[in-house]
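**Q** What follows is a predicted structure for the sequence shown.
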Amino acid sequence: MPIRIPTDLPALDILNGENIFAMDMDRAANQDIRPMEVGILNLMPNKIETEVQILRLLSNTPLQINIDLIRIDNQLSKNTPQSHMDAFYKAFSDIKNKKYDGMIITGAPLGFMAYEDVKYWRDMQEILDWAKVNVQSTLYLCWAAHAAMYHFYGQMRELRSDKLFGVYEHQVLAPENELMRGFDPIFNAPHSRYGNVPIAAYEKVSEIDVLAASEQTGTYIAATKDKRHVFITGHPEYDANTLAEEYARDLANGQDTALPENYFFNNDPTQAPRVSWRSHGTLLYTNWLNYYVYQTTPYDLTTLT
């Protein structure tokens, strides 16, 4: 898929180096097709790293996609240069009159904080309500998935005593669902969280189907029957070393974090990680773009309601 992203965005050079088809805006402007419009509300601290991870997963279909990187108004980033934010990010207030085929809302390191105590919770609620009307299909990752379940359906997460941290097996529960098309019956995905919304909470909502889960992680993938909302409680976008870097960072900060499960060869942190989730992560995003976005979105986005 040619992803249309700003010519100077650092992710462009990284993706080109991986032989991933990422088209700069000058070239894309000369193609006479209707591209998909996808917004990415990036709530992660290291925004550049997350940009690369998500754009990589969006790069495997023949669709052309225009990408908008979005930030919450007036929220400064502690881990990303302000020059990068100014150059490549649009404030929500600047795009709120636009409609999108798809939107991705990332997780955030807010595992222990009550939703109402998050400083941008009111802004987040506004964005969630806006996306429900102005986006054909929204994909919520990790914290955002839990926040959306709470905001829309009143389903509160539980807090675990220990961190769910590692790579876990999941079972496909709805193989007939298009989002699961091509998935192996058992597949792996990374998790890194303290919060959990029980499967029973999803099952209470008649319009939601749980598509993949495991005994260890609970619900991993759920979606509304109308395909407008997709809840992903893990991190299919993670790079090979993301959990290793998080583990080292936790130890450096004095946290008693256990070794990520099922991740390092022989559970030895001096050895390389066992990367066993990348193909299913790519397939998940490809299916979402095809079946939940491209196949359902109106040609004229102004008619979206």
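**A** Noted; the coordinates are in hand.
**Q** just the CA coordinates of the longest helix seen in the chain, formatted as PDB?
**A** With residue count as the measure and DSSP state H as the assignment, the chain has helix 121-134 as its longest helix. Output in PDB follows, covering the C-alpha atoms of helix 121-134 (Å, rounded to 0.1, in the frame of the first residue of the first chain):
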ATOM      1  CA  TRP A 121     -10.200  13.200  29.800                       C
ATOM      2  CA  ARG A 122     -12.800  15.800  28.800                       C
ATOM      3  CA  ASP A 123     -10.900  16.300  25.500                       C
ATOM      4  CA  MET A 124     -10.800  12.500  25.100                       C
ATOM      5  CA  GLN A 125     -14.500  12.200  25.600                       C
ATOM      6  CA  GLU A 126     -15.100  14.900  23.000                       C
ATOM      7  CA  ILE A 127     -12.900  13.100  20.500                       C
ATOM      8  CA  LEU A 128     -14.600   9.700  21.200                       C
ATOM      9  CA  ASP A 129     -18.100  11.200  20.600                       C
ATOM     10  CA  TRP A 130     -16.800  13.100  17.500                       C
ATOM     11  CA  ALA A 131     -15.300   9.900  16.000                       C
ATOM     12  CA  LYS A 132     -18.500   8.000  16.500                       C
ATOM     13  CA  VAL A 133     -20.200  10.400  14.000                       C
ATOM     14  CA  ASN A 134     -17.300  11.500  11.800                       C
END
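**Q** Packing partners of the next helix or strand after it?
**A** Taking DSSP states H and E as the definition, the helix or strand that follows helix 121-134 towards the C-terminus is strand 135-141. In this structure, strand 135-141 makes packing contacts with strand 100-105, helix 143-153, strand 229-232, judged by 3 or more Cβ pairs under 8 Å, 6 or more residues apart in numbering; DSSP states H and E. (C-beta placed from N, C-alpha, C; glycine too.)
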